[in-house]
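**Student:** Prediction below, plus the sequence it came from.
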Amino acid sequence: MSTWTAPTQASTRKKVTIHTLMEKKARGEKITFITAYDFPTAAIEDKVGIDIILVGDSLGMCVYGFDSTLPVTMDMMVNHSRAVRKGAPNCFVIGDMPYMSYQVSVEQAVANAGRLMQEAGVDGVKLEGGIEMVDRISAITKAGIPVMGHLGLTPQSVAMLGGFKAQGRDVSAAIKLIEDAKALEEAGCVSVLLEAIPAEVAQIITERARIPILSIGAGPYCDGQVLVVHDLLGFFGGHVAKFVKQYANMNEYIEKALLEYKADVENVAFPGPEHCYKISEEELAKLRKALEEN
Ligand code: KIV
């Protein structure tokens, strides 16, 4: 790996802050938001000018191959967030708080949010839940840490929700979401992510909020959109959620490249002369002579 160089950084970009995001909402400009879990992906996202990167606990599935986000630990989140921060110095980087890092107590919530800030250098943290999380959000905010809320289909509570399905589809569920969003804003959230809820309900929440409201499967009226980068780039074959748009088929692309590499190695088509280091004829002759003499 000694000759590998990191992707070039976008050097002229201004750092995205909470103010940038608030100004975009005020101007009606959409906020761009994607997940990343590693340095090279983060560097490309920064280079193309993405506003927010979420180091999501979706890394449990995307990177570690778990069946859910529940086994993800604070150490995993800190390590991946640190790599993303390095790759994307100009994006607003959010570290996701994993399962059981904030549910147990307010103190643990503040300490773990603090780890993501102090050890990984993120710009803020995200946690799931509504009114029941107001005490955590307010304590983390008082510690000077920006918090993004997460409502709707909250994967850490999938057992309580009875599966991965859209939320807020009847009057009482929609009213609960609207009240939760208001409570999160009042508790100090700098932004709220809505996942898998009807577009019209998300529109009501977005119009009522002073903070940016972001969508994953919550329709076009929110202040911005996020997708999981592995979904967007088509890393996995098989089922994709209704709200995902695939912009590439990396699975096919990588498979094709790996098959070509395998065939080249088997047929000695790689490495070619251009991939080999040289020794001069003179040095080679000396080497042969030295070997004969020994
Ligand atoms: O962990 C994650 O990737 C998320 C998505 C909903 C954006 O929270």
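**Tutor:** Okay, I see it.
**Student:** Report the contact partners of Tyr247.
**Tutor:** Contacts of Tyr247 were listed using CB atoms under 8 Å, 6 or more residues apart in numbering, and they are 232-234. C-betas here are computed from N, CA, C, even on glycine.
**Student:** Return only those of these found close to the ligand.
**Tutor:** Applying CB under 6 Å from any ligand atom, the subset of these adjacent to the ligand is empty.
**Student:** how about these in a markdown table, adding distance to Gly124 and pLDDT?
**Tutor:** Written out in a markdown table, the entries for those read as follows (distance: CB to CB, whole Å; pLDDT from 0 to 100):
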| residue | distance to Gly124 | pLDDT |
| --- | --- | --- |
| Leu232 | 22 | 97 |
| Leu233 | 25 | 98 |
| Gly234 | 29 | 96 |
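**Student:** between the residues you listed, which is closest to Val244?
**Tutor:** Minimum distance to Val244 across the contacts of Tyr247 is 7.3 Å, recorded for Leu232 (CB to CB).
**Student:** Tally up the residues packed near that closest one, please.
**Tutor:** By other CB atoms under 10 Å, the residues close to Leu232 number 18.
**Student:** do Glu132 as well
**Tutor:** If you count neighbours by other CB under 10 Å, Glu132 ends up with 10.
**Student:** picking up where we left off before, same list, the contacts of Tyr247, but as CSV with distance to Ala143 and secondary structure please.
**Tutor:** Compiled in CSV, these are given as follows (distance: CB to CB, whole Å; DSSP: H, G, I helix; E, B strand; the rest coil):
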residue, distance to Ala143, secondary structure
Leu232, 33, helix
Leu233, 35, coil
Gly234, 39, coil
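**Student:** Show the pLDDT at the residue nearest to the spatial centre of the chain.
**Tutor:** With the centre of the chain defined as its mean C-alpha position, the nearest residue by CA atoms, centre = their mean is Thr35, 2.1 Å away. According to the predicted model, the pLDDT of Thr35 comes to 98.
**Student:** Distance check, it against Asp67.
**Tutor:** 18 Å (CB to CB, to the nearest Å).
**Student:** Next: Phe270.
**Tutor:** Counting by CB to CB, the gap between Phe270 and Asp67 amounts to 37 Å.
**Student:** Gln225 sits in which helix or strand?
**Tutor:** strand 224-227 (DSSP states H and E).
**Student:** Which strands and helices lie in contact with that strand?
**Tutor:** In this structure, strand 224-227 makes packing contacts with strand 31-35, strand 52-55, strand 213-216, judged by 3 or more CB pairs under 8 Å, 6 or more residues apart in numbering; DSSP states H and E.
**Student:** Now do the very next helix or strand once past the first one against strand 31-35: the angle between them, please.
**Tutor:** Beyond strand 31-35 in the direction of the C-terminus, DSSP H and E gives the next helix or strand as helix 39-47. For helix 39-47 against strand 31-35, the angle by axes from the mean of the first three to the mean of the last three CA atoms, to 10 degrees is 170 degrees.
**Student:** Let me see the mean pLDDT of helix 39-47.
**Tutor:** Model confidence over helix 39-47, given as mean pLDDT, is 98.
**Student:** just stretch 216-231 next, same as before
**Tutor:** When pLDDT is averaged over stretch 216-231, the result is 98.
**Student:** is it up against the ligand anywhere?
**Tutor:** Yes - for stretch 216-231 and the ligand, the contact criterion (CB under 6 Å from any ligand atom) is met by 216, 226, 228.
**Student:** Tell me which stretches of the stretch 1-150 of the chain form strands.
**Tutor:** Under the criterion DSSP state E, counting those that start in this stretch, the stretch 1-150 of the chain carries strands at the ranges 31-35, 52-55, 92-96, 124-128, 147-152.
**Student:** deepest of those, which one?
**Tutor:** Per-stretch averages of neighbours, counted by mean count of other CB atoms under 10 Å, single out strand 52-55 among the strands of the stretch 1-150 of the chain, with a mean of 30.
**Student:** elements contacting it?
**Tutor:** For strand 52-55, the contact count by 3+ CB pairs under 8 Å, 6+ apart identifies strand 31-35, helix 39-47, helix 74-87, strand 92-96, strand 224-227 as packing neighbours.
**Student:** other SSEs contacting the fourth one?
**Tutor:** Packed against strand 92-96, as judged by 3+ CB pairs under 8 Å, 6+ apart, are the following elements: helix 18-27, strand 52-55, helix 74-87, helix 106-120, strand 124-128.
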